[in-house]
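Enquirer: Predicted model and sequence below, questions to follow.
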Amino acid sequence: MDIAHTSKPRQNRPSRPVIVVKVGGAFIDAPDKAALFFDALKAQQQDHHIVLVHGGGNHVQRLMDELNLDTQKVDGLRVTPQEHLPYVVGALAGTANKSLVALARQSGMAAVGISLADGNMTTCQQFSNKHGAVGTVMSGNKKLLQTLCSDDFFPIVSSIGCSAHGALLNVNADDAAVAVASVLNARLLLLSDVEGVLDNQKMPIRKLNQADIQTLIEQGVIRDGMAVKVNAALNAAKQLGQPVTIGSWQAPNIISRSLDKTAGTTISPH
Ligand SMILES: Nc1ncnc2c1ncn2[C@@H]1O[C@H](COP(=O)(O)OP(=O)(O)O)[C@@H](O)[C@H]1O
Ligand SMILES: CC(=O)N[C@@H](CCC(=O)OP(=O)(O)O)C(=O)O
């Protein structure tokens, strides 16, 4: 076939493998350390496209405290009555997201702050009446993320999504990261303020599979936010058919060491 005559529309495919990195709220509160982490991400951009997904549960909590609004978590998820939603959206898709864009700029990265709702990249559904405006998330259209990556922008995605009926929903940020990784079929790193999943002696566990996770949750060794995180990681490892790392964004060379499984906890699909 004469290639010169097959003029196809431009395909915005990322030319390098994509890594989706998720950071929690503690990251946004440590701007000096965050700057070092962004420098490390920038260095990785030579070999990979990076997409950052972020939480900020502590920002939401702080805002609620300042407003004298009582907020609680049930099953690791923040109960979000409709009247709290504007504050949750403001804290996560507003302050937290734009603070990260500004920090990335400091490291010379061309960040674009978006949310799960943008470009139809995901579709969310209300999780339960009990939890209010909390969403489960399903992966959707990859075009926006692919376009940004292929043009060397650095997408920073908050965990605010929307339903097919146009309702905004608050999504757990680990679940958000799984959906984004699934959209791009990317390697996933869930980075927190702990070295990895810790055992009952508080020592990091190198590898976990489904059976180990179930036992440790039943024993109460893995609980709270970490229980949500390991389940999200296991779910992602199965969907993506590749391991997912849970580690600390403060650990030196965490990205490259996660990729070669020498840092953090590796969650395997089986
Ligand atoms: N077995 C465990 N190993 C590590 N952390 C655990 C474990 N069980 C509970 N945790 C708690 O989970 C927290 C991490 O989850 P979370 O607060 O949701 O993180 P992030 O906000 O960074 O996503 C840790 O700071 C720790 O308090
Ligand atoms: C439904 C739900 O729980 N949403 C979370 C979203 C932010 C989050 O997950 O932040 P971290 O990753 O810092 O914990 C919340 O409102 O706290």
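Expert: Thanks, I have it. Ligands and ions are numbered 1, 2, ... in the order given.
Enquirer: Could you use CA atoms for every contact and neighbour count after this?
Expert: Noted.
Enquirer: Poorly predicted segments of the stretch 1-150 of the chain, please.
Expert: Residues of the stretch 1-150 of the chain that meet the criterion pLDDT under 70 lie in 1-12, 14.
Enquirer: Go again with 50.
Expert: 1-8 (pLDDT under 50).
Enquirer: near ligand 1, which residues of it show up?
Expert: 24-25 (C-alpha under 6 Å from any ligand atom).
Enquirer: Indicate the residue of the stretch 1-150 of the chain located nearest to ligand 1.
Expert: Closest contact between the stretch 1-150 of the chain and ligand 1, by C-alpha to the nearest ligand atom, is at Gly24 (3.5 Å).
Enquirer: Surely that residue touches Ala34?
Expert: No: counting by C-alpha atoms under 8 Å, Ala34 is not a contact partner of Gly24; they are 11.4 Å apart.
Enquirer: Would you map the strands across this structure?
Expert: 18-23, 49-54, 73-74, 77-78, 111-115, 122-126, 135-139, 154-158, 160-162, 168-170, 187-192, 207-208, 244-248, 265-267 (DSSP state E).
Enquirer: for the closest residue to the residue of the stretch 1-150 of the chain closest to ligand 1 other than its chain neighbours, what are its contacts?
Expert: Leaving aside its sequence neighbours, Gly24 sits nearest to Gly55 (C-alpha to C-alpha, 6 or more residues apart in numbering; 4.7 Å). Applying C-alpha atoms under 8 Å, 6 or more residues apart in numbering, we find Gly55 in contact with 22-25, 92, 96, 158-159, 172-174.
Enquirer: correct me, but Cys162 touches Ala117?
Expert: Yes: Cys162 lies in contact with Ala117 (C-alpha under 8 Å); the separation is 5.3 Å.
Enquirer: Now the common contact residues for those two.
Expert: Thr123.
Enquirer: between those two, which one's more packed in?
Expert: Cys162 (27 against 22; other C-alpha atoms under 10 Å).
Enquirer: any idea how far the more buried one lies from Gly108?
Expert: 31 Å (C-alpha to C-alpha, to the nearest Å).
Enquirer: What of Glu83?
Expert: 38 Å.
Enquirer: The closest residue to Asp70 other than its chain neighbours: neighbour count?
Expert: Once flanking residues are discounted, Asp70 sits nearest to Met64: 6.8 Å by C-alpha to C-alpha, 6+ apart. When neighbours are counted by other C-alpha under 10 Å, Met64 registers 17.
Enquirer: Please list all residues in contact with Met64.
Expert: Here Met64 is in contact with 70-71, 87 (criterion: C-alpha under 8 Å, 6+ apart).
Enquirer: For Met138, state which of these is nearest.
Expert: Tyr87 (23.8 Å; C-alpha to C-alpha).
Enquirer: Just to check, that closest one is in contact with Val60?
Expert: Yes: with contact defined as C-alpha under 8 Å, Tyr87 and Val60 form a contacting pair (7.5 Å).
Enquirer: Neighbour count: these two, which is higher?
Expert: More neighbours surround Val60 than the other of Tyr87 and Val60, with 23 against 17 (other C-alpha under 10 Å).
Enquirer: Check the spacing between the more buried one and Val20 real quick.
Expert: Val60 is 23 Å from Val20, by C-alpha to C-alpha.
Enquirer: Lys229 too?
Expert: Applying C-alpha to C-alpha to Lys229 and Val20 gives a distance of 15 Å.
Enquirer: Count the neighbours of the closest residue to Leu198 other than its chain neighbours for me.
Expert: Leaving aside its chain neighbours, Leu198 sits nearest to Pro204 (4.3 Å; criterion: C-alpha to C-alpha, 6+ apart). By other C-alpha under 10 Å, 17 other residues sit near Pro204.
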